[in-house]
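Asks: dropping a prediction and its sequence here:
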Amino acid sequence: MKILNKNEKTGEIKLLIQTPDDLWHIYNLVEPGDSVFATSYRREEKVRDKLRPERMEKKRMWIGLVVEKVEFHDFSDRLRIHGVIEQAPQDLGEHHTFNLTVKDNLTIVKKWKGHQLARIEEAVEATHEPLITFLAIDDESVLMAQLHQYGIEELAEIRSPRVGKMYPQKSAREEFFNEVTGKIKSTDVGEALIILGPGFDKDALYETIREKLPEIALKTSLFPTSHSGMLGVQEALKGGMASEILEKTRVALETKLVEELLSEISKEGKYAYGPDQVRDATQRGAVLTLLVTNELIRKEEIESLLKQVENAKGRIVVVSPKHEGGRKLKSLGGLGAILRYKVDWS
């Protein structure tokens, strides 16, 4: 994401969408009632007579909407903003939808909250984060997935061919690895490829990649995990075994903070979760880091809580429910806090 213009007095910020992850950030920034401006298309209708309107070609124009609804679909590379036209050469008061994607720009006018401005800065910095691809392997399959700032996208699952009379074991293994390397070759794996899983299959796969795709082998790392598949990817994200690149990603940060909260809960330490406990801890000025799902942050009753945390110099992290850490936070009511000191909740 790139900031093209910022006017603090009017609350106007113009943004350039540079990556698909930026769409997720904008989804979390735009709320009903905001004004959003972008270039879009409207069709004029020229009436010949009362019975037959003539349909004209769509015309490109600058349109301003009062937002009613925002829609984001996982891994679709598209964001939809619905609203009522407040500024345009025509059709004032009618409904319109912006379909935004990479390379589009938009202007948002609103009363900005502190955590929203912080999110924009994070998105600007995250534009330079590397694309990371995972290969989670066991003796039955390889799962290929990529890490986005809002979750993990499963790209493919390659099943190992059955070993039988027609295929000696060695041939079946070679066929399996050849299919995997073919998929790697046809995919933009980004700046890092991480092979993970239990046992020694990952080592054998790495040797095949080094032989057939030496340039990709140079950016490949191996990590032992107790699980394969998506569970193995989630295990790597929890920390400890991940590289510095992985630890800096948004999903890894959110996952690590949720795991830290769960650890504090398990040992009855510095934690609060659920509306009542978090509100109490906030009033005490005890909140160090507030974790809230993006679904919950849109609710009006949460706004005063966020302001109190910001005033007390606490950190606010909006957590995506589209990965395991976010789903765990959602099971706690979507709201939790790591505290500066222990509070007795008994």
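Replies: Yep, that arrived.
Asks: care to break the chain down by domain?
Replies: Structurally, the chain divides into domains by automatic domain parsing as follows: 2-126, 132-247, 255-339.
Asks: save the ones you listed as CSV, and put in mean pLDDT, mean neighbour count and distance to W345 too.
Replies: In this view, the C-beta of every residue, glycine as well, is placed from N, C-alpha and C. Formatted as CSV, the domains of the chain follow (pLDDT from 0 to 100; neighbours: other C-beta atoms under 10 Å; distance: least, C-beta to C-beta, whole Å):
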stretch, mean pLDDT, mean neighbour count, distance to W345
domain 2-126, 88, 15, 25
domain 132-247, 84, 17, 26
domain 255-339, 92, 19, 6
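Asks: for S346, find the nearest of these.
Replies: Minimum separation from S346 across these (C-beta to C-beta) falls at domain 255-339, 9.0 Å.
Asks: what's the end-to-end length of the closest one?
Replies: 17 Å (C-alpha to C-alpha, to the nearest Å).
Asks: likewise stretch 146-156?
Replies: Start-to-end, stretch 146-156 (C-alpha to C-alpha) is 10 Å.
Asks: what sits up against it?
Replies: 20-21, 24-25, 74-75, 123, 126, 129, 131-134, 143-145, 183, 187, 190, 230, 233-234, 237, 246, 249-251, 320, 322-323, 326 (C-beta atoms under 8 Å, 6 or more residues apart in numbering).
Asks: show me what the strand ranked longest in the chain is packed up against.
Replies: Ranked by number of residues, the top strand in the chain under DSSP state E is strand 53-72. If you count contacts as 3 or more C-beta pairs under 8 Å, 6 or more residues apart in numbering; DSSP states H and E, strand 53-72 packs onto helix 20-29, strand 35-47, strand 79-87, strand 95-100.
Asks: those: which one's closest to G334?
Replies: Across the helices and strands packed on strand 53-72, closest to G334 is helix 20-29 (C-beta to C-beta), at 13.9 Å.
Asks: and the closest one, how far out from the chain middle?
Replies: Between the centre of helix 20-29 and the centre of its chain there are 8 Å (C-alpha atoms, centre = their mean, to the nearest Å).
Asks: got the angle for it vs strand 95-100?
Replies: 140 degrees (axes from the mean of the first three to the mean of the last three C-alpha atoms, to 10 degrees).
Asks: which other helices and strands contact helix 20-29?
Replies: strand 53-72, strand 79-87, strand 105-109, helix 114-126.
Asks: which residues sit against the third one?
Replies: For strand 105-109, contacts defined as C-beta under 8 Å, 6+ apart pick out 4-5, 10-17, 26, 29-30, 34-38, 98, 100.
Asks: direction included, what does it pair up with?
Replies: Next to strand 105-109 in the sheet, as set by DSSP bridges, lie strand 12-16 (antiparallel), strand 35-47 (antiparallel).
Asks: dump the ones you listed to a markdown table, plus distance to R315.
Replies: Below are the strands paired with strand 105-109 laid out as a markdown table (distance: least, C-beta to C-beta, whole Å):
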| stretch | distance to R315 |
| --- | --- |
| strand 12-16 | 22 |
| strand 35-47 | 28 |
